[in-house]
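> Predicted model and sequence below, questions to follow.
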Amino acid sequence: MKKILLLSILVFQSICYGVSDDYIITTKLVDAIALSEELNKEVLVIFTANWCDYCNQMKKDLEYCQELEGMIVCFVNIDKNPELKQEYKVRSIPDYFLLKDKIEIKRQKGYYGKKDFLKWLSK
């Protein structure tokens, strides 16, 4: 039964957001955390906005990024989710962090290019 539920979640995720061969992409943090618990994967949470040039560049740079393999990536739009912005104390964007078992592992503010992002991710 648990496998059927998990498969249903994955199918739902692939229809609504996107699943690459290596990582899952969503815009719903609650879904990302639930899936993370079920699959025992880290969640890369990225707070963004449509009007943010750095955020848009980051999204473009991370598309099909092999270094995200095995992760769940969650893009949270601060304009559509002001309560999450406040809850996670986001003051500027992009603001991103890794969650494992609902615990923040590390956090970074600002985007300085793919090379620096990957360096931060690998530490």
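Received the coordinates, thanks. Since we're looking at a predicted model, the values are computed, not measured. Numbering: from 1, shown residues only.
> Grab the nearest non-local neighbour of A32.
Distances taken as C-beta to C-beta, 6 or more residues apart in numbering place C74 nearest to A32, at 3.9 Å, with adjacent residues excluded. C-beta coordinates here come from the backbone N, C-alpha and C atoms, glycine included.
> Remind me which helix or strand that neighbour belongs to.
strand 72-77 (DSSP states H and E).
> Which strands and helices lie in contact with that strand?
Applying 3 or more C-beta pairs under 8 Å, 6 or more residues apart in numbering; DSSP states H and E, one finds that strand 72-77 contacts strand 24-26, helix 29-39, strand 43-48.
> what is the orientation angle of that strand with helix 29-39?
170 degrees (axes from the mean of the first three to the mean of the last three C-alpha atoms, to 10 degrees).
> distance between strand 72-77 and the chain's centre?
Relative to its chain's centre, strand 72-77 lies at 3 Å (C-alpha atoms, centre = their mean, to the nearest Å).
> What lies in contact with it?
Residues from elsewhere that reach strand 72-77 (C-beta atoms under 8 Å, 6 or more residues apart in numbering): 23-29, 31-32, 35-36, 39, 41-50, 59, 62, 84-85.
> re the thing from before, out of the helices and strands packed on strand 72-77, which is closest to D79?
For these, the distance to D79 is smallest for strand 43-48, at 9.4 Å, taking C-beta to C-beta.
> Could you list the buried residues of that closest one?
V43, L44, V45, I46, F47, T48 (16 or more other C-beta atoms under 10 Å).
> Show residues contacting it.
Outside strand 43-48, the residues that touch it by C-beta under 8 Å, 6+ apart are 29, 32-33, 36, 55-56, 58-59, 68, 71-78, 84-85, 88, 90, 93-100, 121.
> which neighbours does it have in its sheet, and in what orientation?
Here strand 43-48 is paired, per DSSP bridges, with strand 72-77 (parallel), strand 95-100 (antiparallel).
> Show the average pLDDT along that strand.
Per-region confidence: strand 43-48 scores 97 on mean pLDDT.
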